[in-house]
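Undergrad: with the sequence up front, the predicted model follows.
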Amino acid sequence: MKILYLVRHAKSSWEYNVEDHKRPLKKRGVKDVFLVCSSLKKNVLIPDLLLSSDAVRAKTTATLFIENLELNSIDFLLQKKLYDFSGNELMNVIKSCDNSIDKLMVFGHNYAITNFVNAYGSKGIDNVPTCGFVEIHFEIDSWEELKKGVTVKTVFPKDLK
């Protein structure tokens, strides 16, 4: 079995005149990370690998998750391909993961995240919100075999406020 944890980056700020790739998080985004992580701490959440888009807002979200969930000992890699909005590259990155990885956590962007959870999860979600967390279990031995799985958990900031 393979387990995938998907996290859409937290709320970003449009306050700064920077290119999209360099947009930072808003204060609300940081607060949402703390909310979601505090909810996730109740469960043992230990991925084998953490992957994130190299965009500032995704990378910062991932770093805050790592700190809050005490995942510092887990390998963390930035992947430019995860700066993806359609979901094609997200799917390709997941399918190319080494099969020794059973639990994978990926930080990325919409609409890639929403498209992926609707294509491969069992629960329809209109929109995975910023800082939204979705856990999907797959009855597969290899990431290359990726097929429809079961959406086991969703944690969205608005449900915690």
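TA: Ah, there it is.

Undergrad: run through the strands of the chain in chain order.
TA: 2-8, 49-53, 75-79, 103-108, 133-138, 150-155 (DSSP state E).

Undergrad: let me see the contact set for Asn127.
TA: By C-beta atoms under 8 Å, 6 or more residues apart in numbering, the residues touching Asn127 are Asn110, Thr114. To be clear about C-beta, it is placed using only N, CA and C from the backbone, and glycine gets the same treatment.

Undergrad: let's see that with 10 Å instead.
TA: For Asn127, the contacting residues are Arg8, Asn110, Tyr111, Ile113, Thr114, Asn118, Phe156, by C-beta atoms under 10 Å, 6 or more residues apart in numbering.

Undergrad: could you find the closest non-adjacent residue to the second one?
TA: In space, Asn110 comes closest to Arg8 once its chain neighbours are excluded; the distance is 5.7 Å by C-beta to C-beta, 6 or more residues apart in numbering.

Undergrad: got the end-to-end distance for stretch 99-114?
TA: Stretch 99-114 has an end-to-end distance of 24 Å (criterion: C-alpha to C-alpha, to the nearest Å).

Undergrad: so can I have JSON lines of the strands of the chain showing mean pLDDT and mean neighbour count?
TA: Output for these, formatted as JSON lines (pLDDT from 0 to 100; neighbours: other C-beta atoms under 10 Å):
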{"stretch": "strand 2-8", "mean pLDDT": "98", "mean neighbour count": "23"}
{"stretch": "strand 49-53", "mean pLDDT": "98", "mean neighbour count": "23"}
{"stretch": "strand 75-79", "mean pLDDT": "97", "mean neighbour count": "15"}
{"stretch": "strand 103-108", "mean pLDDT": "98", "mean neighbour count": "24"}
{"stretch": "strand 133-138", "mean pLDDT": "98", "mean neighbour count": "21"}
{"stretch": "strand 150-155", "mean pLDDT": "97", "mean neighbour count": "16"}
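
Undergrad: fine by me, thanks again.
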